[in-house]
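>>> Build me a structure from this.
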Amino acid sequence: MAYKTILTIITDTDISASALEPAITLAMREEAHLDVLCLGVDRTQTGYYYAGTNAFIQQETLHKAQEDAAAIKNAVKARLAPEGIAWASEAAVAQIAGLSHLVAQRARFSDLVVMPRPYGEGRGIEDEAAVEAVLFDGHAPLLIVPENADTANIGQKIVIAWNQSAEAMAAIKQAMPLMQAAELVNIAVVDPPKHSPDRSDPGGALSQMLSRHGVKSEISVLAKTMPRVSDVLMRHAQDIDADMMIMGAYGHSRFREAILGGATRSTLEKTEFPVFMAH
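Numbering: from 1, shown residues only. Predicted coordinates for the structure are as follows:
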């Protein structure tokens, strides 16, 4: 598998806050086509206004979203014009309620989606909704790139958060091109179950599978010395100077729970390096 179609989604007119730069870097490295969805977001929700005000407010917010989409597209065009890659940009408008369907449709036909971290200063509900749509509705692998992350040589030393889950395996298989290009892949296993099938050799079967794909790997068995598994993984990644983490994504509808549960959400809130996820 190769990443021949890479998608990034931009919702802010300040494109420097987006993941466009790392998406360009990856498109160059993979000789891929880069698609950019320039999304103007109408953040109002129909039905929350006094009678008689809806039409006016909807018209104003829709017009603003259309202006934002056009401004983003113009900025993207100016940035990509001098680059020697194949690319296309599309301006679109969506309300929060309809954003997931639009994003999922574009993600479904992409080999990899690159997006900024959905949490933190300047991030809104649309960023979280877009991440959810890519993973759970678009069924596409997702690379989250934090602001200020060094992406010039992204994926040279990769940590796999391995817990034997189907989600983690899905992420591993879809990240294979990145791991094949890495100098080293570290398989991190936190408190492996005593009665698991590979209890005598945690991570051994995965390491063997990766080696047959030409991936150089090593195994680290870690004790859960901190309250959160995500904290253990983050500290380990920092200790070995990793520049990317691969992990499975977990989640339920945000009407029942937070979009991404447990280690996944905590990692995205704190990470200073890119995180590759799949569900």
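
>>> What segments of the chain are strands?
In the chain, the segments counted as strands under DSSP state E are 5-10, 33-42, 87-95, 112-116, 142-145, 157-161, 184-190, 217-222, 244-248, 275-278.

>>> between the ones you listed, which one is nearest to residue 124?
strand 33-42 (7.8 Å; CB to CB). For every residue, glycine as well, the C-beta is placed using N, CA and C.

>>> Give me the angle between the closest one and strand 5-10.
On the basis of axes from the mean of the first three to the mean of the last three CA atoms, to 10 degrees, strand 33-42 is oriented at 30 degrees to strand 5-10.

>>> What helices and strands are in contact with strand 33-42?
strand 5-10, helix 20-30, helix 54-80, strand 87-95, helix 96-107, helix 125-132 (3 or more CB pairs under 8 Å, 6 or more residues apart in numbering; DSSP states H and E).

>>> The first one: partners in the sheet, and parallel or antiparallel?
As defined by DSSP bridges, the strand partners of strand 5-10 come to strand 33-42 (parallel), strand 112-116 (parallel).

>>> could I get those as JSON lines with distance to residue 236 and mean neighbour count?
Output for the strands paired with strand 5-10, formatted as JSON lines (distance: least, CB to CB, whole Å; neighbours: other CB atoms under 10 Å):
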{"stretch": "strand 33-42", "distance to residue 236": "32", "mean neighbour count": "24"}
{"stretch": "strand 112-116", "distance to residue 236": "24", "mean neighbour count": "27"}
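
>>> Between those, which one is closest to residue 82.
Among the strands paired with strand 5-10, the nearest to residue 82 by CB to CB is strand 33-42 (13.7 Å).

>>> Output the strands paired with strand 5-10 in a markdown table, with mean pLDDT and distance to residue 266 appended to each entry.
Converted to a markdown table, these look like this (pLDDT from 0 to 100; distance: least, CB to CB, whole Å):
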| stretch | mean pLDDT | distance to residue 266 |
| --- | --- | --- |
| strand 33-42 | 96 | 26 |
| strand 112-116 | 97 | 18 |
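
>>> I'd like to know which of those is closest to residue 126.
Smallest distance to residue 126 across the strands paired with strand 5-10 (CB to CB): 4.7 Å, for strand 33-42.

>>> roughly how far out does the closest one sit from the chain middle?
Between the centre of strand 33-42 and the centre of its chain there are 15 Å (CA atoms, centre = their mean, to the nearest Å).

>>> what angle separates it from helix 96-107?
With the same axes, to 10 degrees defining the directions, strand 33-42 sits at 170 degrees from helix 96-107.

>>> Would you mind writing the CA trace of strand 33-42 as PDB?
C-alpha atoms of strand 33-42 as PDB (Å, rounded to 0.1, in the frame of the first residue of the first chain):
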ATOM      1  CA  HIS A  33      -1.800  13.900  -4.900                       C
ATOM      2  CA  LEU A  34      -2.800  16.400  -2.200                       C
ATOM      3  CA  ASP A  35      -6.500  17.300  -1.800                       C
ATOM      4  CA  VAL A  36      -7.400  20.300   0.300                       C
ATOM      5  CA  LEU A  37     -10.900  20.800   1.600                       C
ATOM      6  CA  CYS A  38     -11.400  24.500   2.300                       C
ATOM      7  CA  LEU A  39     -14.300  24.500   4.700                       C
ATOM      8  CA  GLY A  40     -16.300  27.500   5.800                       C
ATOM      9  CA  VAL A  41     -18.200  26.500   8.900                       C
ATOM     10  CA  ASP A  42     -21.600  28.000   9.900                       C
END
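
>>> Residue 68 versus residue 78, what's the distance?
Counting by CB to CB, to the nearest Å, the separation of residue 78 from residue 68 is 16 Å.

>>> thinking again about what came up before, just put the strands of the chain in CSV and tack on distance to residue 21.
Below are the strands of the chain laid out as CSV (distance: least, CB to CB, whole Å):
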stretch, distance to residue 21
strand 5-10, 10
strand 33-42, 11
strand 87-95, 13
strand 112-116, 10
strand 142-145, 8
strand 157-161, 20
strand 184-190, 24
strand 217-222, 29
strand 244-248, 16
strand 275-278, 17
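
>>> Appreciated, that's everything.
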